[in-house]
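[1] Need a 3D model of the following:
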Amino acid sequence: MRTRLGQKINAKLEHMFPERRVFLKSDTDTRFIRVRPMMQLVAFTGSAMLIAWAIVATAIILMDSIGSGNFREQAKRDQRTYQSRLNEISSQRDSRAVEAVAAQNRFNAALAQISVMQSELLNSETHRRELETGIEVIQLTLRGTMKDRELARGQVAELQSQVNSGEAGTSLASAGGSAPMDFVAEALAKTAAERDQVVRDAQDALLRADEMAQQIAIMKDQNDQIFRQLEEAMTVSVAPLDKMFRAAGMPTERIIEQVRRGYSGQGGPLTPLSFSTRGEEASADALRANKLLNQMDRLNLYRIAAQKAPFANPVKAAFRFTSKFGPRRDPKTGGRRMHK
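    Okay, here's the model as predicted:
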């Protein structure tokens, strides 16, 4: 059965692969090997498969080498882009930190100036109260002096009426002539001089009070200008940091909250101002100062977060991005390479 099937196959393949004989000649004998068509077909098919496999393997190796080279170049380009972006963000962070330190120094200087102005304002307020007290005392003295003057005028009028009626001749002679009249005239002159002096002192006190009010208004304008400059400086300093964190994809509020939980604070200039208002509402300057202090605290937290955030590349030397998942088979070329 097997011989008949082989003969039929050989007969069909005879026109494509005719039977061949391979002669093996030795010194004493000559032999030959019959190579049937089926054997030739098997040998031809095996050779073709071997050649095809060699061609495909060579192509795969070449494509793998070319593809890996492109991937490495792409990885290097991505690395250079990432490093340049990190360097840019790091330089922005350093510049923002310098601006924050400069703003904090300006704020400390402004706080010192505000403290000096507040001391001057308290001194001027104390001086004004002293002037008001002095004016009240002068007014009381003036009222007493005017009462004395009116009393003296009444006595003089009574004496003049007695002299005119002739009833005071005996009393004047017994009192030593014109001595009471001289005493009354001297008292009146002294009272008039004291009155004029009191009026002049009152006018000087009013002028001084006007000058103090003008100085207080000027100091309020200066304080408003200082607060306005500080608010502009804080806005210019905080906005770029917030923009930098948002550009890096970091939630600013969550970062500030985490930094605030892990930061105990430093006190001193960044502590909110507290004034004894005796139950009254805080002044506008105190509210603005507390608002600036809160912004300074936020700027300080931004600075700490910028120092701790990974805006710089930790590895300065050349490296290659790999994965812990091991090698993989490329879906396009079929080669094996590491995960990236």
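[2] Specify the local secondary structure of K332.
    coil (DSSP: H, G, I helix; E, B strand; the rest coil).
[3] quick one, phi/psi of it?
    Backbone geometry at K332, expressed as degrees, to the nearest 10, gives phi -90, psi -50.
[4] where does it sit relative to F71, distance-wise?
    Separation of K332 from F71 (Cβ to Cβ, to the nearest Å) stands at 11 Å. (C-beta placed from N, C-alpha, C; glycine too.)
[5] hey, where'd the helices end up in the stretch 201-340 of the chain?
    Ranges of helices in the stretch 201-340 of the chain, per DSSP state H, counting those that start in this stretch, are 252-261, 284-308.
[6] Out of the ones you listed, which gets nearest to G134?
    helix 284-308 (28.7 Å; Cβ to Cβ).
[7] Against which helices or strands is the closest one packed?
    helix 37-165, helix 179-247, helix 252-261 (3 or more Cβ pairs under 8 Å, 6 or more residues apart in numbering; DSSP states H and E).
[8] mind checking how far the last one is from the chain centre?
    In other words, helix 252-261. 13 Å (Cα atoms, centre = their mean, to the nearest Å).
[9] Of all the helices of the stretch 201-340 of the chain, which one is nearest I138?
    Evaluated with Cβ to Cβ, these place helix 284-308 nearest to I138, the distance being 33.4 Å.
[10] on that earlier part again, neighbour count: K332 and F71, which is higher?
    F71 (13 against 7; other Cβ atoms under 10 Å).
[11] Give me the distance between that one and S65.
    11 Å.
[12] For the helices and strands packed on helix 284-308, give me a markdown table that also has mean pLDDT.
    Compiled in a markdown table, the helices and strands packed on helix 284-308 are given as follows (pLDDT from 0 to 100):
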| stretch | mean pLDDT |
| --- | --- |
| helix 37-165 | 82 |
| helix 179-247 | 77 |
| helix 252-261 | 79 |
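[13] closest one to L5 among those helices?
    Closest to L5 of the helices and strands packed on helix 284-308 is helix 37-165 (Cβ to Cβ; 10.1 Å).
[14] quick one, that closest one and helix 179-247 angle?
    Here the directions of helix 37-165 and helix 179-247 differ by 170 degrees (axes from the mean of the first three to the mean of the last three Cα atoms, to 10 degrees).
[15] So which elements touch helix 37-165?
    If contacts are counted by 3+ Cβ pairs under 8 Å, 6+ apart, helix 37-165 sits against helix 2-12, helix 179-247, helix 284-308, strand 336-338.
[16] switch to 6 Å and redo it
    When contacts are defined as 3 or more Cβ pairs under 6 Å, 6 or more residues apart in numbering; DSSP states H and E, helix 37-165 packs onto helix 2-12, helix 179-247, helix 284-308.
[17] in the last one, what's buried?
    By that I understand helix 284-308. Residues 285, 288-289, 292-293, 295-303, 305-306 are the ones in helix 284-308 that count as buried (16 or more other Cβ atoms under 10 Å).
[18] just the shortest one next, same as before
    Applying a neighbour-count criterion of 16+ other Cβ under 10 Å, one finds N10 buried in helix 2-12.
[19] What is the subsequent helix or strand relative to that helix?
    strand 20-25 (DSSP states H and E).
[20] of all the helices of the stretch 201-340 of the chain, which lies closest to A110?
    helix 284-308 (8.5 Å).
[21] Can you say which of the helices and strands packed on helix 284-308 is nearest to E14?
    When the helices and strands packed on helix 284-308 are compared by Cβ to Cβ, helix 37-165 sits nearest E14, at 5.7 Å.
[22] Tell me what angle the closest one forms with helix 2-12.
    80 degrees.
[23] Use 389 as the first number from now on
    I'll keep to 389 as the first residue from here, and by that count the last item is helix 425-553.
[24] re the thing from before, could I get the helices and strands packed on helix 672-696 in a markdown table, plus columns for distance to F411?
    A markdown table is the format used below for these (distance: least, Cβ to Cβ, whole Å):
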| stretch | distance to F411 |
| --- | --- |
| helix 425-553 | 16 |
| helix 567-635 | 86 |
| helix 640-649 | 91 |
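[25] Please convert the helices of the stretch 589-728 of the chain to a markdown table, extending it with distance to L594.
    Putting these into a markdown table (distance: least, Cβ to Cβ, whole Å) gives the following:
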| stretch | distance to L594 |
| --- | --- |
| helix 640-649 | 53 |
| helix 672-696 | 27 |
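[26] can you tell me which of those helices comes nearest to Q550?
    helix 672-696 (68.1 Å).
[27] now that closest one against helix 640-649, angle please.
    90 degrees.
[28] I'd like the average pLDDT over helix 672-696.
    For helix 672-696, mean pLDDT rounds to 78.
[29] Dump stretch 420-435 to PDB, keeping only the CA atoms.
    Output of stretch 420-435 as PDB, limited to C-alpha atoms (Å, rounded to 0.1, in the frame of the first residue of the first chain):
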ATOM      1  CA  PHE A 420      24.700   4.700  -7.300                       C
ATOM      2  CA  ILE A 421      22.000   6.200  -5.300                       C
ATOM      3  CA  ARG A 422      18.600   6.800  -6.800                       C
ATOM      4  CA  VAL A 423      17.100  10.200  -5.900                       C
ATOM      5  CA  ARG A 424      13.400   9.900  -6.400                       C
ATOM      6  CA  PRO A 425      11.100  13.000  -7.100                       C
ATOM      7  CA  MET A 426       9.600  12.900  -3.600                       C
ATOM      8  CA  MET A 427      13.000  13.000  -2.000                       C
ATOM      9  CA  GLN A 428      14.000  15.900  -4.300                       C
ATOM     10  CA  LEU A 429      10.700  17.700  -3.300                       C
ATOM     11  CA  VAL A 430      11.500  17.300   0.400                       C
ATOM     12  CA  ALA A 431      15.000  18.500   0.000                       C
ATOM     13  CA  PHE A 432      13.900  21.500  -2.100                       C
ATOM     14  CA  THR A 433      11.100  22.400   0.400                       C
ATOM     15  CA  GLY A 434      13.600  22.100   3.300                       C
ATOM     16  CA  SER A 435      16.100  24.300   1.500                       C
END
